[in-house]
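# Structure for the following, please:
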Amino acid sequence: MTVADAYTACLDITKSEARNFYYGIRLLPTPKRNALSALYALARRIDDIGDGDLPLADKRTALATVRKDLGRIDDLNDPVYVAVADAARRYPVPLGAFEELVDGVETDLGDVRIADFDELVVYCRRVAGSVGRLCLSIFGTADADFEMLSQYADQLGIALQQTNILRDIREDFGNGRIYLPADELERFGARIALDEHGVLEDPQGRLAGYIRYAAGRAQDWYSLGWRLLPYLDRRSGASCRAMSGIYHHLLRRIGANPVLVYDRRLSLSTAEKAQVALASLVRS
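Numbering: from 1, shown residues only. Purely as a prediction, here's the structure:
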């Protein structure tokens, strides 16, 4: 297993699986594109364990194996780990962020109920803020307070995850997961339930009202996270803007018309994603 072969394998995974992130990753110069593809491939592997069809005990075992492998990453011949190890030698990759991602995926293994927004932020930071910080390590930054920039990357990841949650309410409920904070649903008089057609029930529009509220709050998190952009070089800034911009477009559509997520998984077309990526490159 050569490093070049390992990166090729990760690029193939990214191209086929990163339906939204790929449009931003491809804007990077080759060395950064390779490195970020490697990090994506490992993050994807961890996510796939949680979302896959293995029995629960086997999922826990697989996640435990990932934790173990992160501690011996230089000794492995798996293409994803070979590429990640090389990326970590070239860039300040916080490998501990992958362990945070594992923590978040472990939360998903059982039925999920979130009590309040503070608990939701902790979950989002684990499963998406961690990815934001991994991306930052590859982007590189101008001379600035790295802790501050890590916070911005964290906040941008949390914004993206809130978008995911609003987009996937119906699908997540079918898998026993409700990420919308219980205290907020109660305050809005909303509940999560499906009718006989598998569509989210909302006879009085209360769920729609809550989704608009939650989308507005997620917008604030994008504003916090986008403070990172001025500190990135042109290509890295374009990549970050494209990856987050696709999710932001989804958020705007959900906030404007919440019923779009009641019976489907909302997404942008290939042409729309390409347009966001091109606009991101022009703006940077």
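# got the residue ranges for the helices in this structure?
Ranges of helices in the chain, per DSSP state H, are 3-17, 22-25, 30-51, 56-70, 79-90, 96-107, 117-124, 130-139, 146-167, 169-174, 182-188, 206-225, 234-256, 270-283.
# Quick check: residue 250 touching residue 268?
Yes: taking contacts as CB atoms under 8 Å, residue 250 lies within contact range of residue 268: 6.6 Å. Using the backbone N, CA and C atoms, a C-beta is placed for each residue, glycine as well.
# Which one's more surrounded, the two?
Taking neighbours as other CB atoms under 10 Å, residue 250 and residue 268 compare with residue 250 leading, 23 against 19.
# How about the contacts made by the more buried one?
163, 167, 266-268 (CB atoms under 8 Å, 6 or more residues apart in numbering).
# Just put these in JSON lines and tack on distance to residue 258 and pLDDT.
Output for the contacts of residue 250, formatted as JSON lines (distance: CB to CB, whole Å; pLDDT from 0 to 100):
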{"residue": "163", "distance to residue 258": "13", "pLDDT": "98"}
{"residue": "167", "distance to residue 258": "11", "pLDDT": "97"}
{"residue": "266", "distance to residue 258": "10", "pLDDT": "93"}
{"residue": "267", "distance to residue 258": "16", "pLDDT": "91"}
{"residue": "268", "distance to residue 258": "17", "pLDDT": "90"}
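# Tell me the buried residues within the residues you listed.
163, 167, 266, 268 (16 or more other CB atoms under 10 Å).
# isn't the second one right next to residue 264, touching?
So the one you mean is residue 167. No: Residue 167 lies out of contact with residue 264 (CB under 8 Å); the separation is 9.6 Å.
# ok, back up a step: out of the helices of the chain, which gets nearest to residue 200?
helix 169-174 (5.3 Å; CB to CB).
# contact partners of stretch 195-205?
Outside stretch 195-205, the residues that reach it (CB under 8 Å, 6+ apart) are 169-170, 173-174, 189-194, 207-208, 259, 261-263.
# Count the neighbours of residue 184 for me.
18.
# if I look at it, how far off is residue 201?
Computed as CB to CB, to the nearest Å, the residue 184 to residue 201 distance reads 18 Å.
# what about the most centrally placed residue in the chain, distance to residue 233?
In the chain, the residue lying closest to the centroid (CA atoms, centre = their mean) is residue 128, at 4.5 Å. Going from residue 128 to residue 233 by CB to CB gives 23 Å.
# Okay, buried residues for stretch 80-97 please.
Of all the residues in stretch 80-97, those buried under the rule 16+ other CB under 10 Å are 80-88, 91, 93-95, 97.
# How far away from the center of its chain is it?
18 Å (CA atoms, centre = their mean, to the nearest Å).
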